[in-house]
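[1] Quick check, what structure comes out for this input:
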Amino acid sequence: MSNEDIHNDEDRSINETSIKINVFGKTAQLFINQFQLTILLILLIISLGVVGLSSLPKESLPEIVFPAITVQTIFPGGASPEDVESLVTEKIENKVKDFDDIDSIESETSFGFSVVTVTYLESVDINQKKIELDNALREIQFSDGVRDPEAFIFSTSEIPLMNISVAGDYDLTQLTGIANDIKDKVEGVRGVDSVGINGEVEREIEIVMNELQMMKYGITFNNIKDAIQSKNFSAPPIGELALTALGLT
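    Purely as a prediction, here's the structure:
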């Protein structure tokens, strides 16, 4: 080997040793030299990933909120779909149809039950729209007997997992009683959040007064009202209250 080759090798080795190692190089050199530490860190990262994955909340039906609000209104007493449509559904639709950011309005009316679904544009604040809708619903004057409407933001959590239909050769009052019995039993099942009944009816007693007889015996409407209210409590039957020609139990 010539003297020139020896000098070139010495210069090359001097240049290699004089090169500065940056932060990444020093880090790589540390893991290379300390390979036991490298293996330990890899196992630690894998363990943390497995623990984190196992602790993530998992749902078979995750909640998704849609830009839609459903308004449900009950008209007890077995009101026909035509009456519910004119006395409830149309009033709600006319009240909200001029709101801003509405995409569509859909309604469904059945015996004693009204459902109005208001769908908004994707960019709206649905919680703010619900406040606006609730305020508008309170301004509507419904007929006597109509319950206050309830508004819900539509989400996957509002979708019932099971629908049970009750039908048979019974009147509506008996079917309502059967439905309430089923509701009580289903609510007792572990994991059930809520159970609702649609189309139920409430028992009502209609009293028709004879005004001529009332005038004859000096009985006023308040007298009859007070007599009924005094007997309107939960207790075993205690007899009959007789008011002239009217028999009230």
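
[2] Got the domain ranges for this protein?
    Annotated domains of the chain cover 3-55, 65-158, 163-197, 211-248 [automatic domain parsing].

[3] E204: which of these is closest?
    Across the domains of the chain, E204 has its closest neighbour in domain 65-158 (6.2 Å, C-beta to C-beta). (Glycine included, C-beta is placed from N, CA and C.)

[4] Show me where the protein has its helices.
    3-18, 23-33, 35-55, 81-84, 90-96, 126-138, 172-187, 211-217, 221-230 (DSSP state H).

[5] Buried ones in the fourth one, by neighbour count?
    With burial defined by 16 or more other C-beta atoms under 10 Å, the residues of helix 81-84 counted as buried are P81, D83, V84.

[6] between these, which is closest to T220?
    D83 (31.7 Å).

[7] Might you report the residue contacts of the nearest residue to that closest one once chain neighbours are set aside?
    Closest residue to D83 apart from its sequence neighbours, by C-beta to C-beta, 6 or more residues apart in numbering: F75 at 7.2 Å. Going by C-beta atoms under 8 Å, 6 or more residues apart in numbering, F75 touches D83, V84, L87, V88, G112, F113, S114, G145, V146, R147.

[8] mind running it again at 6 Å?
    Going by C-beta atoms under 6 Å, 6 or more residues apart in numbering, F75 touches V84, V88, G112, V146.

[9] go on, F66?
    F154.

[10] Looking at the helices of the chain, which one is packed in the most?
    Comparing the helices of the chain on average neighbours per residue, with mean count of other C-beta atoms under 10 Å, the densest one is helix 90-96 at a mean of 18.

[11] And the average pLDDT for that helix is what?
    Mean per-residue pLDDT for helix 90-96: 90.

[12] how near is L53 to D101?
    Distance, L53 to D101, using C-beta to C-beta, to the nearest Å: 40 Å.

[13] where does this structure have low pLDDT?
    1-21, 58-63, 78, 157-158, 201-203, 232-249 (pLDDT under 70).

[14] 50 - rerun?
    Scanning the chain for pLDDT under 50 picks out 6, 14, 17, 236-238, 243-249.
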